[in-house]
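Engineer: For reference, the sequence and a predicted model appear below.
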Amino acid sequence: MKRNDSIIIFLVAVLLCICVACMNKNNGVKKSKTNEVMKVGYELDVTNFDPTLSGSGGDHVIQWPIYDTLIRFDDKLDPLPGLVREWQLINNKTIRLKLEENVKFHDGTSFNATAVKINIERMNSKESIIRDLQNIKLVHVMSDFLVELQLKKPDSSILMALSDRGGMMVSPKAIANKNHNLSENPVGTGPFKFESREPNAEIIYTKNHTYWSEKEAKVEKLIIKVMADENVRMNALRSGELDFIIGISPTNIASFEKNNNFNIVGDVASSFKVLFINADLGIMKNKDIRLAMQYAINRDQLVQALNFGRGKAGHQVFSEKHWAYIDDFEIPYNPQKAKEHIKKSGVTDLQMTFTYYSKSYETRLAELLRTQLEMVGFKVKLEGMETVAAVNYFFGEKRGEVLVAEWTGRTDAQMAMFSLFSRDSFFNTGGNSTDEIEQLINEGASTNNKNKRKLVYEKIQKKAYFEEAIIIPIIFPPAMVAYNKKVVGYEANIYGKVLFSQLGFK
């Protein structure tokens, strides 16, 4: 062999090695191995795998590994391509969607325009509890991978609603099979396939090896361990039983900040603690009673007592990093005004019952709220429940007066306005609203101009808090996660929810 030939062969070999190394490089995440398992600790179990029947914002992170959405979102909640490759706003009541091709559901069924039509029509059916897509009048299948959405009226939220439950695509074959229980056996197109679930214990997923996107799962298995007790989650992370945990209260943040084996990340996100009120039960029917509660709560005191100064007082729906955040908007602490509303109400029996999630942080919050409300004359009975049971009791069965809960946000501000303040929303248990608020909600939907929408949302919230007390926002706690330093791929967003399919190991 000539010397020049040897040099050429050597250079080719070097180039091949470089190419292979580049192909294997994936943002610091290795290609998954057969023994790689990501174990996550989460405080909640799923209420329902079926997106049309899912009543808790905590369900999203459990559903996303299984279901791709038509639209994705970036860290600022702006839209990104998902199963929809491209979109076009034809006019203010027509949206055209170009779909990804060569996508399969986990049962082998092809994803196409017909599948989109079936899913959206199912989402808008009477059986569904989700109303995010109710303004879609017609889903027109233009070709195998082209869909046109025709709206009843302009709706600025529709595109981002397709990044939420409304855009989660379920296998049409599974939908058509009346013997297939989608509430317990989900079938999507996502990076993971559902394997099994033990209620209130764990959910197991396996990697979808035929996944269509480059955003494939980084591990062979994902296991979500349901651990309601925060201390149990933390100890499991320290011992190596878990790799990643969600939900760390301010009292425990310092213990991880001082530990070099773990990363702890978080900030105020979209989630806030809130009192949901059933204005169709007991003394909650009286507007002055609700307004008295609004003014009786000292939010700044709660931030100090519960969060040691971390987080923010909750005076509105949106956190400071959100484009719809309203500057200098405050619900004042005014116990004297609270007492005046009680007197005006004419109610003498001031007993009420608060349902709350029986977890340590929520228990402490409920106790502090009781103390503050009793200072102005209320008598508050506390009734703790497991989270899924409480959600079903209050929203599904409409049996509770007040629920101490957490609103986990939505990907679009208009969705939040409708969900929290419209009389037609599943989350507005007592249907408490006014014609003027409903008109303003429609006005917010009619424009895509964020500055105009922000002004409308300010008007809605002023009326919702100071005239009707539809809900009572309390505090924005810091949304914290902690994970072993061998874990990579975590990306925070102002939604505050984790995409588990991004997680892998160094």
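Structural biologist: Thanks, I have it.
Engineer: could you give me the average pLDDT of stretch 230-239?
Structural biologist: The average pLDDT for stretch 230-239 rounds to 96.
Engineer: buried residues in that stretch?
Structural biologist: Glu230, Val232, Arg233, Met234, Ala236, Leu237, Arg238 (16 or more other C-beta atoms under 10 Å). Where C-beta positions appear, they are placed from N, C-alpha and C, glycine not excepted.
Engineer: repeat for stretch 471-485
Structural biologist: 471-484.
Engineer: got it, and stretch 398-414?
Structural biologist: Buried residues in stretch 398-414 (16+ other C-beta under 10 Å): 400-414.
Engineer: chain center to it: distance?
Structural biologist: Taking C-alpha atoms, centre = their mean, to the nearest Å, the mean C-alpha location of stretch 398-414 is offset from the chain mean by 11 Å.
Engineer: then that stretch to PDB, C-alphas only?
Structural biologist: Provided in PDB are the C-alpha atoms of stretch 398-414 (Å, rounded to 0.1, in the frame of the first residue of the first chain):
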ATOM      1  CA  LYS A 398     -70.300  19.900  43.600                       C
ATOM      2  CA  ARG A 399     -70.700  19.100  47.200                       C
ATOM      3  CA  GLY A 400     -68.100  21.300  49.000                       C
ATOM      4  CA  GLU A 401     -68.500  24.900  50.000                       C
ATOM      5  CA  VAL A 402     -64.900  26.000  49.700                       C
ATOM      6  CA  LEU A 403     -61.800  24.100  48.400                       C
ATOM      7  CA  VAL A 404     -58.300  25.100  49.400                       C
ATOM      8  CA  ALA A 405     -56.500  24.100  46.300                       C
ATOM      9  CA  GLU A 406     -53.900  25.100  43.700                       C
ATOM     10  CA  TRP A 407     -54.500  26.500  40.200                       C
ATOM     11  CA  THR A 408     -51.700  25.200  38.100                       C
ATOM     12  CA  GLY A 409     -52.200  27.600  35.200                       C
ATOM     13  CA  ARG A 410     -52.900  27.200  31.500                       C
ATOM     14  CA  THR A 411     -50.800  27.600  28.400                       C
ATOM     15  CA  ASP A 412     -52.900  30.600  27.300                       C
ATOM     16  CA  ALA A 413     -54.200  33.500  29.400                       C
ATOM     17  CA  GLN A 414     -57.700  33.400  27.700                       C
END
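Engineer: the strands in the stretch 351-500 of the chain, which residues?
Structural biologist: 351-357, 379-385, 402-407, 471-476, 478-484, 487-488 (DSSP state E, counting those that start in this stretch).
Engineer: quick one on the thing from earlier: ok, the buried residues of stretch 398-414 vs Thr434, which is closest?
Structural biologist: Closest to Thr434 out of these is Gln414 (18.2 Å), distances taken as C-beta to C-beta.
Engineer: Who are the contact partners of the closest one?
Structural biologist: Taking C-beta atoms under 8 Å, 6 or more residues apart in numbering, we find Gln414 in contact with Asp155, Ser156, Ser157, Ile441, Gly444, Ala445, Arg453.
Engineer: do the same with Arg238
Structural biologist: Here Arg238 is in contact with Asn259 (criterion: C-beta under 8 Å, 6+ apart).
Engineer: Shouldn't it be within a helix?
Structural biologist: Yes. Checked against DSSP: H, G, I helix; E, B strand; the rest coil, Arg238 lies within a helix.
Engineer: gap between it and Ile246?
Structural biologist: 16 Å (C-beta to C-beta, to the nearest Å).
Engineer: Now do the phi/psi pair for the residue nearest the centre of the chain.
Structural biologist: Nearest to the mean C-alpha position of the chain, by C-alpha atoms, centre = their mean, lies Gly57 at 4.3 Å. Backbone dihedrals for Gly57, given as degrees, to the nearest 10, come out at phi -60, psi -20.
Engineer: Distance-wise, check it relative to Phe426.
Structural biologist: Taken as C-beta to C-beta, the span from Gly57 to Phe426 is 12 Å.
Engineer: ok, Leu44 - contacts?
Structural biologist: Residues near Leu44 by C-beta under 8 Å, 6+ apart: Ser56, Gly58, Asp59, Ile62, Val226, Ala228, Thr387, Val388.
Engineer: Which one of those is nearest to Asp68?
Structural biologist: Ile62 (14.6 Å).
Engineer: how would you label the closest one: helix, strand or coil?
Structural biologist: Ile62, by the three-state scheme (three-state DSSP), is helix.
Engineer: Please apply the same query to the one 10 residues further on.
Structural biologist: Following three-state DSSP, we place Arg72 in the strand state.
Engineer: That one contacts Pro79, correct?
Structural biologist: Yes. Between Arg72 and Pro79 there is a contact at 7.4 Å, judged by C-beta atoms under 8 Å.
Engineer: who touches both of those two?
Structural biologist: Ser163.
Engineer: okay, Thr34: pLDDT?
Structural biologist: 56.
Engineer: Check the one 4 residues further on too.
Structural biologist: Reading off the per-residue confidence, Met38 sits at a pLDDT of 98.
Engineer: how many neighbours does the closest residue in space to Arg399 that isn't next to it in sequence have?
Structural biologist: Using C-beta to C-beta, 6 or more residues apart in numbering and skipping the chain neighbours, the partner closest in space to Arg399 is Tyr393 (5.5 Å). Residues lying near Tyr393 (other C-beta atoms under 10 Å) number 17.
Engineer: Closest one of the contacts of Leu44 to Lys218?
Structural biologist: Nearest to Lys218 among these, with distances taken as C-beta to C-beta, is Ile62, at 17.9 Å.
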